[in-house]
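Undergrad: Provide a 3D model corresponding to the input given below.
(chains A, B and C)
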Amino acid sequence: MIGIIDCNSFYASCEQVFRPDLRGKPVVVLSNNDGCVIAANKEAKALAHIPMFEPVFKIKDQLIKNNVTFFSSNYTLYGEMSNRVMRILKEFSPIVEIYSIDEAFIDLSGLDHIDLEDYGHEIKKKIMRYTGLPVGVGIAPTKVLAKLANRRSKKEISNNHVYVINSEEKRIDTLHWAKIKDVWGIGKKHTTRLQEIGKHSAYDFTQLPLSWVRKNMTVVGERTWRELRGESCLSLEVMPKPKKAIGTAKSFGKKLTSIELIEEACSYYINEVSEVLRSQNSCAKYLQVFLQTNYHSNNDKQYHNSITVTLETPTNNTFILNTEGKKALHRIFKSGYRYKKVGVCLSGIVPENYVQTNLFHQTSEKKGLMEVFDKINQKFGKSTLSPALLNKSKIKEWELVKEQRSPRYTTQWEDILKIQ
DNA sequence: TCTGGGGTCCTAGGACCC
DNA sequence: TCTGGGGTCCTAGGACCC
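TA: Predicted structure coming up:
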């Protein structure tokens, strides 16, 4: 049996842990740049129709009128709270797959002698007691079924956030209960497609001939189909795999027209992604840089472009990547536009010790330099050392807007909660 | 005025190899 | 009239996830 534990309205719940005054009250968390709503607790969902990803400016009045508290996103806080949850889960099973910041699959095989429903409640209680975060627990023979069980644990109040599919009757019953769009792995396109041919429940989907599924939904759909029928196709991935692409792209706090500021942001992002690259002991062969205006705007002239640089030798050296990145940026930059976003993405990722050099390669790279660089930043905090990128202005004019960010209660000494 | 960010996997088709 | 057979690698685009 496989369990999936998933935190309820995770970001909003994290904020509430440190703000007990907000318990039982509506809370939403906004995306980067305070652009749109990315998390809402059940109180917020209940009182206002707050669609996820709704631009904030459209519903701000409504939020204020309803006394909804809103927060800018605070990923440092959420990341740390996530670690706490994952550590607790490891006490319940040695095999844990951290699937995302707020959910994990756990292996529950070999526990035939115990009542899995009780076990689920124990997990839920312990996480609540130790972290203050509410979770839902779904347990079933396959991952896809466990996901449905998890959904059912929350949707039907009587389940009290734990649901176990441990019989053929419960499996079939859950398949009838679940809408096709709620099946993990079936997104918008396939949902529309399936609805068009009259398939509305998960059960309907499992009754389609496999050949149809395979033809129209590839092998991915076939796995989903089999998993729903109780045949496990997706195993637990305990070891996190090295990333195949590492990128970052953030909207500017305001629209930018000058290349100097965009360049600064671009260098900053390259600094960030190369650090991630080194942390997994990899090098990258390709560096992509892209630039875009605000595609939502009807008034602005639109332009977007991207360029992918093939590096002579795969590298993880910030300075080399930065030089190449800047060159690339200059090649796609056109003046006369109001830019909204610049992004970088590293790909063609290979292990550091398997880098294929070319015939004429001369080792000039000083690996030790980057090592010292990373060590100092680990010890003294992010950006204690950084390339001289930000020499033009002390204030990062391109930086994100985060007007309502909560303190970093769990990671900064000066932000620790004071109790009087 | 204002609209997020970071990923994965699969397939078809083209170009190429012996 | 009639033109082989067995592969690999790469990329773009589509679908999906949180």
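Undergrad: how about residue A:198, secondary structure?
TA: coil (DSSP: H, G, I helix; E, B strand; the rest coil).
Undergrad: hang on, it packs against residue A:207?
TA: No. Using C-beta atoms under 8 Å, residue A:198 makes no contact with residue A:207, being 11.0 Å away. (Glycine included, C-beta is placed from N, CA and C.)
Undergrad: these two: who's more crowded?
TA: Set residue A:198 next to residue A:207 and count neighbours by other C-beta atoms under 10 Å: residue A:207 wins out with 11 against 7.
Undergrad: for the more buried one, what are its contacts?
TA: Listed by C-beta atoms under 8 Å, 6 or more residues apart in numbering, residue A:207 has no contact partners.
Undergrad: one more: residue A:345?
TA: With C-beta under 8 Å, 6+ apart, residue A:345 has these contacts: A:245, A:246, A:247, A:248, A:249, A:273, A:287, A:288, A:290.
Undergrad: by contact count, what packs against the helix or strand containing the fifth one?
TA: Secondary structure assignment for residue A:249, by DSSP states H and E: strand A:246-256. Contact here means 3 or more C-beta pairs under 8 Å, 6 or more residues apart in numbering; DSSP states H and E; on that basis strand A:246-256 packs against helix A:259-279, strand A:282-293, strand A:339-351.
Undergrad: could you dump these to CSV with distance to residue A:359 and mean pLDDT?
TA: What follows is the helices and strands packed on strand A:246-256, written out as CSV (distance: least, C-beta to C-beta, whole Å; pLDDT from 0 to 100):
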stretch, distance to residue A:359, mean pLDDT
helix A:259-279, 25, 92
strand A:282-293, 16, 91
strand A:339-351, 18, 91
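Undergrad: give the buried residues for the strand holding residue A:249.
TA: For strand A:246-256, a neighbour-count test (16 or more other C-beta atoms under 10 Å) marks A:246, A:247, A:250, A:251, A:252, A:253, A:255, A:256 as buried.
Undergrad: and stretch A:124-133, by the same measure?
TA: Across stretch A:124-133, burial judged by 16+ other C-beta under 10 Å covers A:124, A:127, A:131, A:132, A:133.
Undergrad: near DNA strand B, from the buried residues of strand A:246-256?
TA: A:246, A:247, A:250, A:251, A:255 (C-beta under 7 Å from any atom of the strand).
Undergrad: circling back to that earlier point, which two among the buried residues of stretch A:124-133 are spaced furthest apart?
TA: A:124 and A:132 (12.6 Å; C-beta to C-beta).
Undergrad: state the pair within the buried residues of strand A:246-256 that is farthest apart.
TA: So, those by C-beta to C-beta: farthest apart are A:246 and A:255, at 26.4 Å.
Undergrad: residue A:161: what's it in contact with?
TA: A:8, A:124, A:134, A:135, A:136, A:137, A:153, A:154.
Undergrad: try residue A:285
TA: A:310, A:311, A:314, A:347, A:348, A:349, A:350.
Undergrad: please name the spatially closest residue to it (chain neighbours excluded).
TA: residue A:348 (3.1 Å; C-beta to C-beta, 6 or more residues apart in numbering).
Undergrad: roughly how far does the one you found sit from DNA strand B?
TA: As judged by C-beta to the nearest atom of the strand, to the nearest Å, residue A:348 and DNA strand B stand 12 Å apart.
Undergrad: break down the stretch 51-200 of chain A into its strands, ranges please.
TA: In the stretch 51-200 of chain A, the segments counted as strands under DSSP state E, counting those that start in this stretch are A:69-71, A:96-100, A:103-107, A:135-140, A:162-164.
Undergrad: measure the closest residue to DNA strand C within the stretch 101-250 of chain A to residue A:155 for me?
TA: The nearest approach of the stretch 101-250 of chain A to DNA strand C comes at residue A:187, 2.3 Å away (C-beta to the nearest atom of the strand). For residue A:187, the distance to residue A:155 equals 20 Å [C-beta to C-beta, to the nearest Å].
Undergrad: what residues does chain A have near DNA strand B?
TA: Checking chain A against DNA strand B by C-beta under 7 Å from any atom of the strand, the hits are A:31-33, A:35-36, A:38, A:53, A:55, A:57, A:218-220, A:241, A:243-251, A:255, A:276, A:294, A:296-297, A:340-341, A:343, A:345, A:400.
Undergrad: what do you get if the cut-off is 6 Å, keeping everything else the same?
TA: A:31-33, A:35-36, A:38, A:53, A:55, A:57, A:218-220, A:243-251, A:255, A:294, A:296-297, A:341 (C-beta under 6 Å from any atom of the strand).
Undergrad: out of the residues you listed, which are buried?
TA: A:31, A:32, A:33, A:36, A:38, A:246, A:247, A:250, A:251, A:255, A:294, A:341.
Undergrad: any chance of those residues in a markdown table, plus distance to DNA strand C?
TA: Below are these laid out as a markdown table (distance: C-beta to the nearest atom of the strand, whole Å):
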| residue | distance to DNA strand C |
| --- | --- |
| A:31 | 11 |
| A:32 | 13 |
| A:33 | 17 |
| A:36 | 13 |
| A:38 | 9 |
| A:246 | 15 |
| A:247 | 13 |
| A:250 | 15 |
| A:251 | 16 |
| A:255 | 25 |
| A:294 | 21 |
| A:341 | 17 |
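Undergrad: for those residues, work out which two are farthest apart.
TA: A:246 and A:255 (26.4 Å).
Undergrad: can you list the residues of the stretch 1-150 of chain A near DNA strand C?
TA: A:100, A:102, A:103.
Undergrad: buried ones only from those, please, as a PyMOL command.
TA: Remark: buried members of these, expressed as a PyMOL selection using 16+ other C-beta under 10 Å:
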select buried, chain A and resi 102+103
